[in-house]
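Asker: Need a 3D model of the sequence below.
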Amino acid sequence: MNLRELNHKRILWTRKQKTLFSKFLFDKKNNNHFSPSQIKSIKKILFLRHDNKMGDMIVSTVFYKNLKNLLPGAEISVVSGTATKTIIENNKNISAIYPYNKSWFNAFKLGQKLRKEKFDLVIDIDRELSHKTVLLLRLINARFVFGFNRDGYGLYNIKKHYNYGQEHISNVYKKIIEELKLVPKDYQFDYNYYLFIPKEITKLADKVFKTLSKEGLDSKKSLVIFNPFAASKHRSLTAKQALEVAQTLPDYNFLIIGPEKKLKNFLPTDKPKNLFTVPPKFAKDGGINLSLALLKTADFLISPDTYIVHAAVALNKPQLCIYRAANQENIRLWGPNSDKALILESESNNKDLPAKTITDSFKKLVNKNNFNMIK
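Answerer: Residues are numbered from 1 along each chain as shown. The predicted structure follows:
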């Protein structure tokens, strides 16, 4: 066992101890009994999606949409991370968003605020229960609290069992709706994610393309969004890979997206003429929404396993997504839920993946989607 694995085990052990201590301090039995006949009385629902993970938030939009279809008169609110709220700020299915920054003080302050809203139902789908979530739930004091695998916690009065490792994560949301007995016999669960891109961001994307056209971007060529950045260096791609892919595929434009700081000096000045980066000043102003707007205009995506993979599914874009072969459960849970996607499994760190392997896989993607090279 290496140091990285040992450190991960230490973090998990510490987290578990904190949660047990929080349970001792704040767990309290909720004596309200839930039955499917009470669904009609549920008017205010709070969903906990406060882990601040972009991809998780994009996938969770299937739940808000289906829940609103089934309970059109209910108000759906979301506790969101401070960064991920941008994904749902304009979601028509959500009535209110409550940002959360994970500090004890914020958890206490937010819990008191949410308590005043008198929620009928709180839904928590975190795989691992956190100590601050226990505090939040105690303070919110909702009529009903739903959670998977929460045996031993009195705060939850709707407890169901679920094996998270067996199917795509979007099915978790379908399972919640089924467990709450919300599904009529003829209901077809809608697996399509929901993303809304504000008009001002679309205009900013237009400015990006106008700027890049002055630098040589050929509008007649198909556009590939190339996202090299992931949450860890082991999953991220390199500038060298981007350079070699662009050189090998001159009939396509490649646009590097990402955070402002990472885009600066990412590519050398002697890059191929068909390879571009989002100008850092635009990346700073537009943030993640700009990446989504650029992807909406593009023809393809190449990316490691990160949030933009799920955005491409939402926007119905063909994509080559790179996952680490060693983590098959992650591929099963978080792979792109789309027949337009092609998964490339990396046997080691993504940075070691030969560019030729990426280009060969991209050609397969093009053939898979019957796409012409030239517009």
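Asker: For residue 140, which non-adjacent residue is closest in space?
Answerer: Once flanking residues are discounted, residue 140 sits nearest to residue 114: 4.7 Å by CB to CB, 6 or more residues apart in numbering. No exception for glycine: its C-beta is placed from N, CA and C like everyone else's.
Asker: hang on, I meant residue 155
Answerer: Per CB to CB, 6+ apart, closest to residue 155 is residue 137, 4.7 Å.
Asker: Mind telling me what element that neighbour is part of?
Answerer: With secondary structure defined by DSSP states H and E, residue 137 is part of helix 131-140.
Asker: would you put the C-alpha positions of that helix in PDB?
Answerer: Presented in PDB, the C-alpha positions along helix 131-140 are these (Å, rounded to 0.1, in the frame of the first residue of the first chain):
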ATOM      1  CA  HIS A 131     -20.900  15.100  10.200                       C
ATOM      2  CA  LYS A 132     -22.100  18.500   9.100                       C
ATOM      3  CA  THR A 133     -25.100  16.900   7.200                       C
ATOM      4  CA  VAL A 134     -26.200  15.400  10.600                       C
ATOM      5  CA  LEU A 135     -26.200  18.900  12.100                       C
ATOM      6  CA  LEU A 136     -28.000  20.400   9.100                       C
ATOM      7  CA  LEU A 137     -30.800  17.800   9.300                       C
ATOM      8  CA  ARG A 138     -31.300  18.300  13.000                       C
ATOM      9  CA  LEU A 139     -31.600  22.000  12.600                       C
ATOM     10  CA  ILE A 140     -33.900  21.800   9.500                       C
END
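Asker: For it, give the mean pLDDT please.
Answerer: Helix 131-140 carries an average pLDDT of 94.
Asker: what lines up beside the next helix or strand after that helix in the sheet?
Answerer: Note on helix 131-140: by DSSP H and E, the next helix or strand toward the C-terminus is strand 144-148. Partner strands for strand 144-148, per DSSP bridges, with pairing direction: strand 121-124 (parallel), strand 158-160 (parallel).
Asker: With respect to burial, which of those strands scores highest?
Answerer: Highest mean neighbour count among those (mean count of other CB atoms under 10 Å): strand 121-124, with a mean of 24.
Asker: Without its sequence neighbours, what residue ends up closest to residue 80?
Answerer: residue 97 (5.4 Å).
Asker: which residues does that neighbour bridge with?
Answerer: Residue 97 has the following beta-bridge partners by DSSP bridges: residue 78.
Asker: ok, now which ones touch it?
Answerer: 77, 78, 80, 85, 88, 89 (CB atoms under 8 Å, 6 or more residues apart in numbering).
Asker: mind running it again at 7 Å?
Answerer: Residue 97 makes contact with 78, 80, 85, 88, 89 under the criterion CB atoms under 7 Å, 6 or more residues apart in numbering.
Asker: residue ranges of the helices in this protein, please?
Answerer: When secondary structure is read from DSSP state H, the chain shows helices at 3-26, 54-70, 85-88, 104-115, 131-140, 170-179, 199-214, 239-248, 260-263, 280-297, 307-314, 328-334, 355-368.
Asker: So for residue 226, which of those sits nearest?
Answerer: helix 239-248 (5.6 Å; CB to CB).
Asker: Which strands and helices lie in contact with that closest one?
Answerer: Helix 239-248 sits against strand 252-256, strand 275-277, helix 355-368, with contacts defined as 3 or more CB pairs under 7 Å, 6 or more residues apart in numbering; DSSP states H and E.
Asker: Now stretch 127-138: buried residues?
Answerer: Going by neighbour count (16 or more other CB atoms under 10 Å), the buried part of stretch 127-138 is 129, 130, 131, 132, 133, 134, 135, 136, 137, 138.
Asker: what's the neighbour count on residue 218?
Answerer: Other residues within reach of residue 218 by the criterion other CB atoms under 10 Å amount to 16.
Asker: Domain parsing of the protein, as residue ranges.
Answerer: Annotated domains of the chain cover 10-179, 199-368 [automatic domain parsing].
Asker: Need those domains in TSV (columns: distance to residue 185).
Answerer: Formatted as TSV, the domains of the chain follow (distance: least, CB to CB, whole Å):
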stretch	distance to residue 185
domain 10-179	12
domain 199-368	24
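Asker: With residue 187 as the reference, name the closest of these.
Answerer: domain 10-179 (7.2 Å).
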